[in-house]
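In: sequence plus the predicted model coming up.
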Amino acid sequence: MTLTGRRAVVTGGNRGIGLATVRALAQAGAEVTFASRSRSGLDAAAEALRGMDVQGVLADVTDRAAMAALLSGRVDILINNAGVIDPIGHLADVSTEDWARSIEVNLIAAVHAIRCVLPGMVARGGGTVVNLSSGAAHGALEGWSAYCAGKAGLAMVTRSVALEYGARGVRVFGVSPGVIDTGMQGRIRASGLNPVSQLARSDLASAEEPARAIAWLCTPEADGLAGTEVDIRHEALRRAAGPEVRS
């Protein structure tokens, strides 16, 4: 698997699946830039990625000017990884402002990032967009109304981009990474709501598994899956992620 000569940008690349994806893309030869919304996150990621030729940039995905600057120039691969699980709670118990913030991060920011890279990708004859999806995009979960709605909207964006730009060389994927051992899962466990919160940490997969699958989606071998929402349990993604991927 080689991505030599390709420039990739990963949002929320300072931890969890994002950080593992930065590493996987760089190991495949891509020139990788990642965004973090905090200086502490940026510094921690730089330490974790020490010795790798990657670049970190301080940018909040909801800051449209900052994201436009980050995504200017050549971007061959965009990984829309940044996301939030909050607010967790029954619909009438969470604020409209927090609900809207979730949609802004999980959906609107991803749409803005895609809009920033599409003209260049079309002009160069192609590119790859990977949107981090979730099983929550296709089935409601108690306490996650905002997250489910945002991911459902993003799944439709994936299909829309494929419909409108697939013939012009833009490959777009939605990938559900499975239940991964990240800080977000810690927040979910603390909530005690819905079956996902009851999973033991020992039952969670490592972030490296979906990261390897995401890197594979950025290669021509994944062309047959372009325009679709694909789960980590898909046979091709299982092979790319490694034999230890959870079923």
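Out: Now that the structure is in, tell me what you want to look at.
In: for the rest of this, base every contact and every neighbour count on C-alpha atoms.
Out: Noted.
In: relative to residue 21, how far out is the residue nearest to the spatial centre of the chain?
Out: With distances taken as C-alpha atoms, centre = their mean, residue 81 lies nearest the centre of the chain, 2.2 Å away. Using C-alpha to C-alpha, to the nearest Å, residue 81 is found at 9 Å from residue 21.
In: quick check: neighbours shared by these two?
Out: Common neighbours of residue 81 and residue 21, using C-alpha atoms under 8 Å, 6 or more residues apart in numbering, are 10, 13.
In: and residue 74, which of the three is it?
Out: coil (DSSP: H, G, I helix; E, B strand; the rest coil).
In: quick check: it vs residue 116, distance?
Out: Distance, residue 74 to residue 116, by C-alpha to C-alpha: 11 Å.
In: which of those two has more residues huddled nearby?
Out: residue 116 (20 against 14; other C-alpha atoms under 10 Å).
In: what about that one, which helix or strand?
Out: Residue 116 belongs to helix 109-124 when assigned by DSSP states H and E.
In: tell me the helices and strands packed up against that helix.
Out: helix 64-70, strand 77-80, strand 127-132, helix 145-165, strand 170-176 (3 or more C-alpha pairs under 8 Å, 6 or more residues apart in numbering; DSSP states H and E).
In: any chance of the ones you listed in TSV, plus distance to residue 203?
Out: Below are the helices and strands packed on helix 109-124 laid out as TSV (distance: least, C-alpha to C-alpha, whole Å):
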stretch	distance to residue 203
helix 64-70	35
strand 77-80	25
strand 127-132	21
helix 145-165	22
strand 170-176	17
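In: and for the closest residue to residue 31 other than its chain neighbours, the neighbour number?
Out: Spatial nearest neighbour of residue 31, chain neighbours left out: residue 7 (4.7 Å); criterion: C-alpha to C-alpha, 6 or more residues apart in numbering. Using other C-alpha under 10 Å, residue 7 has 20 neighbouring residues.
In: what of residue 79?
Out: 28.
In: repeat for the one 4 residues further on
Out: Taking other C-alpha under 10 Å as the neighbour definition, residue 83 ends up with a count of 23.
In: neighbours of residue 28, how many?
Out: Neighbour tally, residue 28, other C-alpha under 10 Å: 18.
In: nearest residue to it other than its sequence neighbours?
Out: Excluding the flanking residues, the one nearest residue 28 by C-alpha to C-alpha, 6+ apart is residue 2, at 4.8 Å.
In: need the three-state assignment for that neighbour.
Out: Residue 2 ends up coil, using three-state DSSP.
In: ok, now which ones touch it?
Out: Residue 2 is in contact with 28, 29, 30, 219, counting by C-alpha under 8 Å, 6+ apart.
In: sort out which of those residues are buried, if you could.
Out: 28, 29, 30 (16 or more other C-alpha atoms under 10 Å).
In: wait, the first one sits on residue 3?
Out: Yes. Counting by C-alpha atoms under 8 Å, residue 28 sits close enough to residue 3 to count as a contact (5.3 Å).
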